[in-house]
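>>> Pasting the sequence and the predicted coordinates here, then a few questions.
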Amino acid sequence: MVEPTPLVLVIEDDPPIRQFLRISLQAQSYRYIEAETARAGLLAATTQSPEVIILDLGLPDMDGVDLVRQIRSWSTMPVIVISARGKEQDKIIALDAGADDYLTKPFGIGELTARLRAALRRRASQSDTGEPIFVVGALRVDRATRSVSINQRPLHLTPNEYRLLAILVDHAGKVLTHRQLLKEVWGPQATEETHYLRVYINQLRQKLEAQPAQPRYLLTEPGVGYRLAVE
């Protein structure tokens, strides 16, 4: 029996953008449903069980950030925000509210589908009941033994380095804001201490990356946070 392709819910009030996404995603074999308002989108999310949501922030009946918070109150399904709001603070607010990713309009369909694949892989890994091992490229992280290797060479990480990497592994493919990472690793009292992150990300890159100045695994979202690559 052939497995059904992923179902994508698009919540967007702009008809041309909905048409563009419908044609583009269906051409790549995604199943597709759409909603023009937050209320209709929330109904579709609860009744149609999509694998991933693509969400515009500028909806007519509710701000998209508030909709993200509502979805996060009952579901962990990936949410990718698409918005004309391109300021760093807008991205941080949406990501802190629970969005998994953020693309600024206009965007290319190639970039969007790459983010879709990353979100779907992350969701699949969260539901996987196998061994807690994360592998991408030459990087291997074994959560059971707390061991990390690159090109089969064991790496020695400090406790904070490992804790930071483990958080990124848990959310691989997802943008994590500076505030989210600081809170998870150093606690809520450290959410403004962004220099901690710069130091530890640099240390991790020195150990993990063949070219730390051009990272393959630990990717920077300028002004927003970091993402662990999944491909």
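All right, it came through fine. Residues are numbered from 1 along each chain as shown.

>>> Could you list the domains of this protein?
7-126, 130-228 (automatic domain parsing).

>>> ranges for the strands of the chain?
For the chain, strands defined by DSSP state E occupy the ranges 7-11, 31-35, 52-56, 79-83, 101-104, 133-136, 139-142, 147-150, 153-155, 176-177, 218-221, 225-228.

>>> now these as CSV including mean pLDDT?
CSV is the format used below for those (pLDDT from 0 to 100):
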stretch, mean pLDDT
strand 7-11, 96
strand 31-35, 95
strand 52-56, 96
strand 79-83, 94
strand 101-104, 92
strand 133-136, 88
strand 139-142, 92
strand 147-150, 93
strand 153-155, 93
strand 176-177, 92
strand 218-221, 93
strand 225-228, 93
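
>>> just checking, Ser49 touches Pro6?
No - contact criterion CB atoms under 8 Å: Ser49 and Pro6 do not qualify, at 11.1 Å. (Each C-beta comes from the backbone N, C-alpha and C, glycine too.)

>>> quick one on the thing from earlier: can you redo the domains of the chain as a markdown table with mean neighbour count?
Below are these laid out as a markdown table (neighbours: other CB atoms under 10 Å):
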| stretch | mean neighbour count |
| --- | --- |
| domain 7-126 | 18 |
| domain 130-228 | 16 |
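
>>> Including distance to Leu164, could the strands of the chain go into TSV?
Shown next, in TSV, are the strands of the chain (distance: least, CB to CB, whole Å):
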stretch	distance to Leu164
strand 7-11	31
strand 31-35	37
strand 52-56	26
strand 79-83	24
strand 101-104	20
strand 133-136	14
strand 139-142	12
strand 147-150	11
strand 153-155	13
strand 176-177	10
strand 218-221	9
strand 225-228	9
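
>>> Cool, thanks, talk later.
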